[in-house]
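# Just the structure for this:
(2 chains, ligands or ions: 2)
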Amino acid sequence: MLSVKNLHAGIAGKEILRGIDLEVRSGEVHAVMGPNGSGKSTLAQLLAGRDGYQVTAGTVRYLDMDLLAMAPEERARAGVFLAFQYPVEIPGVSNALFLKTALNGVRKQRGLPELDAMDFLQLLRDKMKLLGMDDKLLARSVNEGFSGGEKKRNEILQMAVLEPRLAILDETDSGLDIDALKLVADGVNRMRNADRAIVLVTHYQRLLNYIVPDFVHVLSQGRIVKSGGAALAVELEQYGYAGVESENEVSHVS
Amino acid sequence: MPAATRQLDELIGREYRHGFVTALESDTVPRGLSEETVRLISALKHEPEFMLEWRLKAYRHWLTMTEPHWANIRHPAIDYQDIFYYSAPKSEKDGPRSLSEIDPELLRTYAKLGIPLKEQELLAGVAVDAVFDSVSVATTFKAKLAELGIIFCPFSEAVQQHPELVKQYLGSVVPYTDNYFASLNSAVFSDGSFCYIPPGVRCPMELSTYFRINARNTGQFERTLIIADKDAYVSYLEGCTAPMRDENQLHAAVVELVALENAQIKYATVQNWYPGDKEGRGGIYNFVTKRGECRGANSHISWTQVETGSAITWKYPSVVLRGDNSVGEFYSVALTNHYQQADTGTKMTHVGRNTTSTVLSKGISAGHGQNTYRGLIKVLPGAENAHNYTQCDSLLLGNQCGAHTFPYIEVKNPTARVEHEASTSRIGEEQLFYCTQRGIAPEEAVSMIVNGFCKAVFQNLPMEFAVEAQKLLGVSLEGSTG
Ligand SMILES: Nc1ncnc2c1ncn2[C@@H]1O[C@H](COP(=O)(O)OP(=O)(O)O)[C@@H](O)[C@H]1O
Ligand SMILES: [Mg+2]
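Residues are numbered from 1 along each chain as shown, chains lettered A, B, ... in the order given. Ligands and ions are numbered 1, 2, ... in the order given. You can find the predicted model right below:
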């Protein structure tokens, strides 16, 4: 589904990603772990189409398309979703309107009719209930005045509504208490299926106790320095990133 | 320039949609301004002596004045002798009695603008006093309003039919000496709307006027006078679009509102005149004087404006809070794109006791647009317990535009409470990316973010108008991204 080959990219002349290789197939859950500043968010945002990065080498294929040539909204409509590490506030735009506009954009692309307001609200309410979210958040402006946990759950709600093929979750676990973490993990687990791939970007192993990944990759200084199964995350938890980084050797899984 | 900025620039670069000139013959008074012109206009309109006298006094006063240059706007010098001061569509001379008598060309013009007059009459329940160039051509729903004693007619008709009301109230809020453009208007105004709501009457429908500027080089000088007598209520809508043209056009309207005891007037404007092209050529100069007076106790006046058009806007809808416990409000959205300039705001003058005013201004600048908020909160010595709350927010799209805020406060009574809040933000690349990452097209995203920013103002517009205003903002910002 997603094939990243030798990706080099930077910002303002500074190289941040220094040769990333990553293969993600339908149905798989990958965890990308690594210390702060290792380039996790850069990779996530670049894949989602954020402007301002210079790609100096490498390719990214997604469902047989040249992902880097697509506009962000085209990527989104083709099923790429990014749960932001820092969700953005949009004053005066209700969460419900935002989601409806987004969903209709995606549905249009898939040749589906627009949902009418009643069906849409029902859909939202059902999904919100599962995430333990208050109905009131629908009428509130997008992320404005939301607590950290509410923002993160709102990202997962958007994912649940938009039903992406490839979901990239950037530090969705940070700032969540244990109950919220379980709800979010349940939400993500419900979305696991054979047609969908999920990339979990995280600093801590904690989330991976609830969403068990098929593969774990360790990112360090813009390179994937180690890849393995779920056990690798546990290892990291015990020995820290320092151990892996010092190996400075890449072992490929896929 | 970063790509995001370039994209924003494309988005906001779309062409004006209402650009066409209707091929109607015009009955035009010769170019230029003199005492003779003033007499000619008055004679063409068969005005009573008091009107001519008033116009002449205004004209003579105007001669003693100089054009103001304190606003934060720039424009080439206006040649007042190069303007036609009066033009009326010819086929309208005999005064049509119904829509069927109206020049079909005119009706097609309205249709092109998306103002289906007939449908409006039938469906929307809105009485429309449509002004085409300087003379009103259609007045509907008159009978229904007349039953309630409401007068809603072209200004020129009011001069004929209700001279006593005109004489009593004309210039009582904006005297002919008020300012350069108001004096000019007083001398040469061609027509406009007149509205009187008798005591205790609540006007059952939104009163609405669509203004258009048509004949080339015709300065537009509209005059509107609205009076809500004791315990009366009226909501008034003014909307405008204009055809595309090359020469800059001067527009200097005057609107006066009078609210007597316990009366309420809500005045809403959507102004969408031709803003000029992308390089800043052409467009309307919109130098308007709008003022309301809360003359009676417990009276209430609110101005709501959505300003998206004109090359230059110079406009400060104001309220004089004379009556005790009276309330004045100003809600404004002003959008400037390309080379548009807007210097707008309000003046709240607290005279009576326990008077309250609220100012909410949302300025949006895109392209090379310059947007200035200029406000004055004035509390006179006798205004015990006056209270003002002002909030001015500016939103910038791209980095070649500008937002400026000049809030003036003059307080002469120590019991006054005056609060002011201001903010400036930029539609960030981050907000835009957040939307597009969710599959929302960039155009739609910008429109959504801008509409969100304006929400608190749109809430004060009547429902249908709010929808129109939202669309208009979308249209004004859309780009040729295709
Ligand atoms: N906009 C930017 N401008 C300059 N440097 C940046 C920018 N964004 C990220 N970086 C730098 O790139 C590196 C990787 O950042 P990031 O991808 O956010 O890491 P992570 O998500 O793994 O913590 C860091 O050194 C960071 O300072
Ligand atoms: Mg990060």
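
# Up against ligand 2, what does the stretch 1-150 of chain A have?
A:K40, A:S41, A:Q85 (Cβ under 5 Å from the ion). Quick note: C-beta positions are derived from backbone N, CA and C, even for glycine.

# any idea which of these is closest to ligand 2?
Using Cβ to the ion, A:S41 comes nearest to ligand 2 of these, at 3.1 Å.

# The closest one should be in a helix, yeah?
Yes: the assignment for A:S41, made by DSSP: H, G, I helix; E, B strand; the rest coil, places it in a helix.

# Distance of it relative to chain B?
From A:S41 across to chain B, the span is 13 Å (Cβ to the nearest Cβ, to the nearest Å).

# For that residue, grab the count of nearby residues.
19 (other Cβ atoms under 10 Å in any protein chain shown).

# That one reaches A:L169, doesn't it?
No: at 11.4 Å, A:S41 does not count as touching A:L169 under the criterion of Cβ atoms under 8 Å.

# Give the intersection of the neighbour lists for these two.
Common contacts of A:S41 and A:L169 (Cβ atoms under 8 Å, 6 or more residues apart in numbering or on different chains): A:V201.

# Kindly report the residues of the stretch 351-482 of chain B close to chain A.
Residues of the stretch 351-482 of chain B lying close to chain A by Cβ under 8 Å from any Cβ of the partner chain are B:428-431, B:433-442, B:444, B:448-449, B:451-456.

# Filter the residues you listed down to the buried ones.
B:429, B:431, B:433-442, B:444, B:448-449, B:451-456 (16 or more other Cβ atoms under 10 Å in any protein chain shown).

# Please go through those and note which also touch ligand 1.
When Cβ under 6 Å from any ligand atom is taken as the criterion, no member of those contacts ligand 1.

# Any idea how many residues pack against residue 196?
Answering for chain A, as no chain was given. A:R196: 19 surrounding residues under other Cβ under 10 Å.

# sorry, should have said chain B
Neighbour tally, B:Y196, other Cβ under 10 Å: 23.

# go on, B:S423?
10.

# Skipping adjacent residues, who's closest to B:S302 in space?
B:E329 (3.7 Å; Cβ to Cβ, 6 or more residues apart in numbering or on different chains).

# Which element, helix or strand, includes that neighbour?
strand B:327-336 (DSSP states H and E).

# just B:S156 next, same as before
helix B:155-161.

# Output the contacting helices and strands for that helix.
strand B:135-139, strand B:151-154, helix B:163-169, strand B:191-197, strand B:222-228 (3 or more Cβ pairs under 8 Å, 6 or more residues apart in numbering or on different chains; DSSP states H and E).

# Can you name the next helix or strand after the third one?
Using DSSP H and E, the helix or strand that directly follows helix B:163-169 along the chain is helix B:180-188.

# roughly how far is that next one from the heart of the chain?
Distance of helix B:180-188 from its chain centroid, counting by Cα atoms, centre = their mean, to the nearest Å, is 16 Å.

# got the buried residues for stretch B:278-296?
Per 16+ other Cβ under 10 Å, stretch B:278-296 contains these buried residues: B:278, B:282-296.

# can you tell me which of these lies nearest to ligand 2?
The closest of the buried residues of stretch B:278-296 to ligand 2 turns out to be B:K278 (Cβ to the ion; 40.1 Å).

# Am I right that the closest one is in a helix?
No: per three-state DSSP, B:K278 lies outside any helix segment and is coil.

# quick one: it from B:L473, how far?
18 Å (Cβ to Cβ, to the nearest Å).

# cool, B:V29 as well?
Computed as Cβ to Cβ, the B:V29 to B:L473 distance reads 37 Å.

# Which residues are in contact with the residue nearest to A:S94 when sequence neighbours are not counted?
Of all residues not flanking A:S94 in the chain, A:A139 sits nearest, at 5.6 Å (Cβ to Cβ, 6+ apart). Counting by Cβ under 8 Å, 6+ apart, A:A139 touches A:S94, A:N95, A:A96.
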